[in-house]
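*Asks:* Mind looking at a prediction? Sequence and model below.
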Amino acid sequence: TIIVNVNRPATDGSLLNFSADPLIITTGPTTTRTLSFNSADGALTEASGNLQFNLNDFVTFSGSLALRKSTSSLKLSDGSTVSTEVLAIGGTDITAFAGTNAGTPDAFGFNLTGLSFAFATATDVADRTRTWTALDASATGATFNGIPDVTISATALQLSLNRPASDATLVDFASTKLVVKTGASTTRDLDLSGTAGPLLEASGTFTLDVAGFLNLSGSLAVRKSTFNLALSDGTTKPVTLLTVAGENLSAFAGMNASDATNKAGLSLTGLKFGLAVATDKADPDRRWTTLQANAGSISLTGISGVTMSSSALAVSINRKANDDTLANYSSTPLTLSTGSGQKVLNLSSASGQMTEASGTVNIAVQNFFTVNGTFSVRSSRDTAVTLSNGTTIDADLLTIGGTSVSAFAGLNGGSATQTGISKGSTNFGLAL
């Protein structure tokens, strides 16, 4: 089914308005069709319907699509309102495949299901050098099929795009929502904010399995945007920000990754992280990198006689730009989307350039050797250190600390008859 709607203006720009008084047209002896165009929608050319496409069994496509060309008054990020000519394309319930042997058990390629999207490009009627582009899309699932012993899949996929015109303005769809037709009777709203700057963001929940040896799963989000970054020297700089964040991530490497009972290898659970790379808009050579991550546990499983586990893990990294300044997220925390939640970056530049990891560790080998406690390792640069002669120097500093650390080496460790050397509840600090 294909539906076409056209409402074109006269030479003076006026349009027919059938919304208040619809026009009923006879289309046959017993049939009619009603024209009910609303002139408030502006000049209109529109086509919609269901589409099925097959290109030599390599590319297949099916679903509802709509294309619409109209005029619309849109609000911009600078607060002004502009009259635009809008080309909008939307779709819903779309299934697509690209590869070989489509629709067979031997299919090889990329499969996408449940795709819904709204795309719009708007051009200033008075100045056609100004064009704005926006996209909002989601898909229920995506898989890559046909690679032996490899499974790749994704769910809850989301893609958002809001690009500026040549004068750096953006359409603020949050204040002037654009309703995009996605089929004969379906729509999708474009409601992206223009006040937060240009946006490109993708997120979803992903699963990867490689031959039962490597298994990865969790939610991820990648975003490119702009931000006013506070620095260690007290200044604030407009930056282009590339962020990657994830939550509920788990990983396993070893044997029988998909067999909870018999797997043997290294397992990571509960990973949540945020990574931000900020680039100075005025000087692309100035770049600041910051990472904060937490993990529920890391463990070695399935190896007889050996137990290794770690919990409450935390990693922090803050790297300088080429002028020795650091990002200071303690004064302007950055909230990142993880695809299923949020991760906040709040590292202070007062700690200097550093790399730090901490957590609780428990290791046991054949009841002969055990060690457990909370440890922290930190590497920092250009740290002020006072010497015995009273002078102060900037040094690269490595510190290792431990709290409530206990250890045993000998026979029958952990039992009432253990024999060997034992050290209980020790706190220590080492600086190099």
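*Replies:* Happy to help now that I have it.

*Asks:* Any idea how many residues pack against the nearest residue to Lys75 once chain neighbours are set aside?
*Replies:* Distances taken as CB to CB, 6 or more residues apart in numbering place Thr176 nearest to Lys75, at 4.4 Å, with adjacent residues excluded. Heads up, the C-betas are built off the backbone N, CA and C, glycines and all. Thr176 has 16 neighbours, counted by other CB atoms under 10 Å.

*Asks:* Now do the SS call for Thr176.
*Replies:* Put simply, Thr176 is coil when judged by DSSP: H, G, I helix; E, B strand; the rest coil.

*Asks:* Next up, the contacts around it.
*Replies:* Applying CB atoms under 8 Å, 6 or more residues apart in numbering, one finds that Thr176 lies in contact with Ser73, Leu74, Lys75.

*Asks:* and whichever strand or helix holds the first one, what does it pack onto?
*Replies:* If I follow you right, that is Ser73. If you go by DSSP states H and E, Ser73 is part of strand 59-75. When contacts are defined as 3 or more CB pairs under 8 Å, 6 or more residues apart in numbering; DSSP states H and E, strand 59-75 packs onto strand 44-55, strand 81-100, strand 108-124, strand 178-181.

*Asks:* repeat that for 7 Å
*Replies:* Secondary structure elements in contact with strand 59-75, counted by 3 or more CB pairs under 7 Å, 6 or more residues apart in numbering; DSSP states H and E, are strand 44-55, strand 81-100, strand 178-181.

*Asks:* what lines up beside that strand in the sheet?
*Replies:* strand 44-55 (antiparallel), strand 81-100 (antiparallel) (DSSP bridges).

*Asks:* what's the closest of these to Lys423?
*Replies:* Minimum separation from Lys423 across the strands paired with strand 59-75 (CB to CB) falls at strand 81-100, 60.5 Å.

*Asks:* what angle do the closest one and strand 108-124 make?
*Replies:* With axes from the mean of the first three to the mean of the last three CA atoms, to 10 degrees defining the directions, strand 81-100 sits at 170 degrees from strand 108-124.

*Asks:* Next, the buried residues of strand 81-100.
*Replies:* Residues 82, 84-97, 99 are the ones in strand 81-100 that count as buried (16 or more other CB atoms under 10 Å).

*Asks:* Compute the mean per-residue pLDDT across that strand, please.
*Replies:* In this model, strand 81-100 has an average pLDDT of 93.

*Asks:* How about stretch 41-55?
*Replies:* Per-residue pLDDT over stretch 41-55 has a mean of 85.

*Asks:* Can you dump the C-alpha atoms of that stretch in CSV for me?
*Replies:* Extracted in CSV, the C-alpha atoms of stretch 41-55 (Å, rounded to 0.1, in the frame of the first residue of the first chain):
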residue,chain,number,x,y,z
ASP,A,41,1.3,22.1,8.4
GLY,A,42,2.7,24.2,5.5
ALA,A,43,3.4,23.2,1.9
LEU,A,44,3.5,19.4,1.8
THR,A,45,4.6,16.5,-0.5
GLU,A,46,4.5,13.1,1.2
ALA,A,47,4.6,9.4,0.3
SER,A,48,4.3,6.5,2.6
GLY,A,49,3.8,2.7,2.5
ASN,A,50,5.2,-0.7,3.1
LEU,A,51,8.3,-1.7,1.1
GLN,A,52,9.9,-5.0,0.3
PHE,A,53,13.3,-5.0,-1.4
ASN,A,54,15.6,-7.8,-2.6
LEU,A,55,18.9,-7.3,-4.4
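
*Asks:* quick one, strands of the stretch 301-432 of the chain?
*Replies:* Counting by DSSP state E, counting those that start in this stretch, the stretch 301-432 of the chain has strands at residues 306-319, 334-337, 342-345, 354-365, 369-386, 392-411, 419-431.

*Asks:* Now the closest residue to Thr240 other than its chain neighbours: which helix or strand?
*Replies:* Once flanking residues are discounted, Thr240 sits nearest to Thr279: 4.8 Å by CB to CB, 6+ apart. For Thr279, the enclosing helix or strand under DSSP H and E is strand 264-280.

*Asks:* Check which helices and strands the helix or strand Ile3 falls within is in contact with.
*Replies:* Per DSSP H and E: Ile3 is located in strand 2-7. Contacts defined by 3+ CB pairs under 7 Å, 6+ apart place strand 2-7 against strand 44-55.

*Asks:* Buried ones in the strand it packs on, by neighbour count?
*Replies:* Under the neighbour-count criterion of 16+ other CB under 10 Å, strand 44-55 has Leu44, Glu46, Ala47, Ser48 buried.

*Asks:* now the strand holding Thr279 against strand 306-319, angle please.
*Replies:* Calculated by the same axes, to 10 degrees, strand 264-280 forms an angle of 0 degrees with strand 306-319.

*Asks:* helices or strands next to strand 264-280 in the packing?
*Replies:* Here strand 264-280 touches strand 214-230, strand 236-255, strand 287-301, strand 342-345, going by 3+ CB pairs under 7 Å, 6+ apart.

*Asks:* Tell me the gap between it and the middle of its chain.
*Replies:* Remark: strand 264-280 is offset 12 Å from the chain centroid, using CA atoms, centre = their mean, to the nearest Å.

*Asks:* Run me through the strand neighbours of that strand, direction for each.
*Replies:* Sheet pairing of strand 264-280 (DSSP bridges) gives strand 236-255 (antiparallel), strand 287-301 (antiparallel).

*Asks:* for those strands, which one sits closest to Gly274?
*Replies:* The nearest among the strands paired with strand 264-280, by CB to CB, is strand 236-255 at 4.4 Å.

*Asks:* and the direction of that closest one versus that of strand 214-230, what angle?
*Replies:* Counting by the same axes, to 10 degrees, strand 236-255 points 170 degrees away from the direction of strand 214-230.

*Asks:* show me what contacts the residue lying closest to Gly183 once chain neighbours are set aside?
*Replies:* Take Gly183 and drop its neighbours on the chain: the residue closest to it by CB to CB, 6+ apart is Ser64, 3.1 Å away. Taking CB atoms under 7 Å, 6 or more residues apart in numbering, we find Ser64 in contact with Asn50, Gly91, Thr92, Asp93, Thr182, Gly183, Ala184, Thr186.

*Asks:* Also compute the angle for the strand holding Ser73 relative to strand 2-7, please.
*Replies:* Using the same axes, to 10 degrees, the inter-axis angle of strand 59-75 relative to strand 2-7 is 20 degrees.

*Asks:* buried sites along strand 59-75?
*Replies:* Residues 60-61, 63-68, 70-72, 74-75 are the ones in strand 59-75 that count as buried (16+ other CB under 10 Å).

*Asks:* One more: stretch 306-320?
*Replies:* Using 16+ other CB under 10 Å as the test for burial, stretch 306-320 gives Ser309, Ser310, Ser311, Leu313, Val315, Ser316, Ile317, Asn318, Arg319, Lys320.
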